[in-house]
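Asker: coords please:
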Amino acid sequence: MNTNANTNTDREGAFADTTMPAVAYRKSLPIDDPQSLEDIELPVPEPGPRDLLVQVEAVALNPVDCKVRRNTDPGGKPKVLGWDAAGTVVAAGDEVELFRVGDEVFYAGAVDRPGANSRFHAVDERLVGPKPATLGYAEAAALPLTGLTAWEGLFDRMGLRTGALEQTGALLVTAAAGGVGAMVVQLARALTSLTVIGTASRPETVEFARRMGAHHLVDHHRPLVEQLKEVAPDGIDYIFGTAATDRNIKAYAEVLNPFGHIVSIDDYDSLDIGVLKRKSLSFHWEFMFTRSLFRTPDRQKQGHVLAQIARLVDQGALTTTATRDLGPVNAANLREAHRIQESGTSIGKITLSGF
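Answerer: I've put the predicted structure just below:
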């Protein structure tokens with residue numbers, strides 16, 4: 001990352017490509033339909049004033065990719081998904097200040113702009129961080145969206161202090177072997193002194209969550225209250241809910257200590273938050289794309305957070321959550337990635353590398 005040098009670059013001098021391979025969909029279809037994701041050619045995007053043009057080397061899949069594909073019908077126009085990427089800057093807008101051509105970067109980007117499942121991708125530099133030097137592109141691509149979600153949930157929503165090792169208490173992380181859960185566990189272990197309790201049910205997910213750093217694991221297919229009272233007899237102070245918050249809200253209200261906090265990232269039609277009042281419990285939403293969607297004045301904080309995550313990775317305090325690479329970015333491989341994601345059996349993050 002370079003914060004002093006002039007990074008404005010003549011795009012024509014960077015490369016000669018005018019079109020690029022991409023994967024897109026034109027209609028919301030089940031993932032087993034060959035047209036649910038298709039290989040296409042698109043024009044190379046023109047970077048805006050604060051944009052970087054990145055040559056994408058690897059991407060990772062998130063639940064948001066599947067949700068958008070299922071629920072947002074583009075009406076026949078090609079829509080590109082993909083909100084986790086790592087690559088190299090090949091051109092920059094006139095007002096870019098933070099990066100220069102040749103920098104290796106990683107980022108999640110913005111959900112209201114085209115995704116990164118394309119050879120070249122334009123992204124606001126304020127949402128971008130320097131790629132961890134110790135990771136390959138695929139390993140790095142697994143981290144941005146989930147890392148930002150975990151960081152914002154822990155330190156912006158719950159109000160935990162990074163490095164406040166005197167801060168005690170217990171944190172429950174649901175689906176601790178998932179993409180977000182694994183990053184919550186790692187960040188809580190690296191930057192707080194909380195006792196970290198994860199939920200997992202299969203031997204392989206239990207093992208992965210332990211490897212990420214969970215002190216204790218409980219089975220989310222069994223009643224939570226009794227299990228949590230065994231591993232945290234003094235109660236729970238924080239809950240990071242990545243799934244089933246609507247089903248578990250009463251259990252959360254029972255196990256949380258007064259003035260405790262819940263952060264939720266999952267979706268549901270309704271939620272009985274009245275059960276939280278008696279203990280003055282706080283409920284927080286976390287949506288990583290809020291800053292980019294609403295162009296908040298502090299959106300550059302996401303770039304700062306990614307830089308901190310990269311430093312922690314290079315220091316050995318965090319590790320990649322990439323568990324499976326499906327090969328080049330193409331429609332067939334992305335359909336397989338979506339199929340695995342929708343099956344609910346994936347552990348960590350699925351990545352794709354190269355074109």
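Asker: which stretches of the stretch 251-355 of the chain form helices?
Answerer: Along the stretch 251-355 of the chain, the segments classed as helices by DSSP state H, counting those that start in this stretch run 290-293, 301-314, 331-343.
Asker: and the first one, what does it pack against?
Answerer: So that's helix 290-293. In terms of contacts (3 or more C-beta pairs under 8 Å, 6 or more residues apart in numbering; DSSP states H and E), helix 290-293 is packed against helix 301-314. For the C-beta atoms, the positions are set from N, CA and C on the backbone; glycine is no exception.
Asker: save the helices of the stretch 251-355 of the chain as CSV, and put in mean neighbour count and mean pLDDT too.
Answerer: Output for these, formatted as CSV (neighbours: other C-beta atoms under 10 Å; pLDDT from 0 to 100):
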stretch, mean neighbour count, mean pLDDT
helix 290-293, 17, 98
helix 301-314, 20, 98
helix 331-343, 19, 97
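Asker: take the ones you listed and lay them out in TSV including distance to residue 36.
Answerer: Below are those laid out as TSV (distance: least, C-beta to C-beta, whole Å):
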stretch	distance to residue 36
helix 290-293	25
helix 301-314	30
helix 331-343	6
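Asker: right, and these - which one's nearest residue 172?
Answerer: helix 301-314 (22.4 Å; C-beta to C-beta).
Asker: tell me the helices and strands packed up against that closest one.
Answerer: Using 3+ C-beta pairs under 8 Å, 6+ apart, helix 301-314 sits against strand 104-107, strand 128-130, helix 144-151, helix 290-293.
Asker: could you rerun that using 7 Å?
Answerer: If contacts are counted by 3 or more C-beta pairs under 7 Å, 6 or more residues apart in numbering; DSSP states H and E, helix 301-314 sits against strand 128-130, helix 144-151.
Asker: and the direction of the last one versus that of helix 301-314, what angle?
Answerer: For helix 144-151 against helix 301-314, the angle by axes from the mean of the first three to the mean of the last three C-alpha atoms, to 10 degrees is 100 degrees.
Asker: in helix 144-151, what counts as buried?
Answerer: Buried residues in helix 144-151, counting neighbours by 16 or more other C-beta atoms under 10 Å, are found at 144-151.
Asker: out of the helices of the stretch 251-355 of the chain, which is closest to residue 161?
Answerer: helix 301-314 (13.8 Å).
Asker: next one: the closest one to chain centre, how far?
Answerer: 13 Å (C-alpha atoms, centre = their mean, to the nearest Å).
Asker: how about residues contacting it?
Answerer: With C-beta atoms under 7 Å, 6 or more residues apart in numbering as the test, helix 301-314 has contacts from 1, 98, 106-107, 126-135, 143-144, 147-148, 151, 190, 291, 318.
Asker: swap the cut-off to 6 Å and go again
Answerer: Contact with helix 301-314 is made by 126-130, 132-134, 147-148, 151, 318, as judged by C-beta atoms under 6 Å, 6 or more residues apart in numbering.
Asker: how about residue 151, nearest residue that isn't a chain neighbour?
Answerer: Take residue 151 and drop its neighbours on the chain: the residue closest to it by C-beta to C-beta, 6 or more residues apart in numbering is residue 305, 5.0 Å away.
Asker: before we move on, what about residue 39?
Answerer: The nearest residue in space to residue 39 (C-beta to C-beta, 6+ apart) is residue 331, at 4.6 Å.
Asker: just to check, that neighbour is in contact with residue 40?
Answerer: No: counting by C-beta atoms under 6 Å, residue 331 sits too far from residue 40 to count as a contact (8.6 Å).
Asker: could the helices and strands packed on helix 301-314 be laid out in TSV, adding mean pLDDT and distance to residue 314?
Answerer: Formatted as TSV, the helices and strands packed on helix 301-314 follow (pLDDT from 0 to 100; distance: least, C-beta to C-beta, whole Å):
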stretch	mean pLDDT	distance to residue 314
strand 128-130	98	10
helix 144-151	98	14
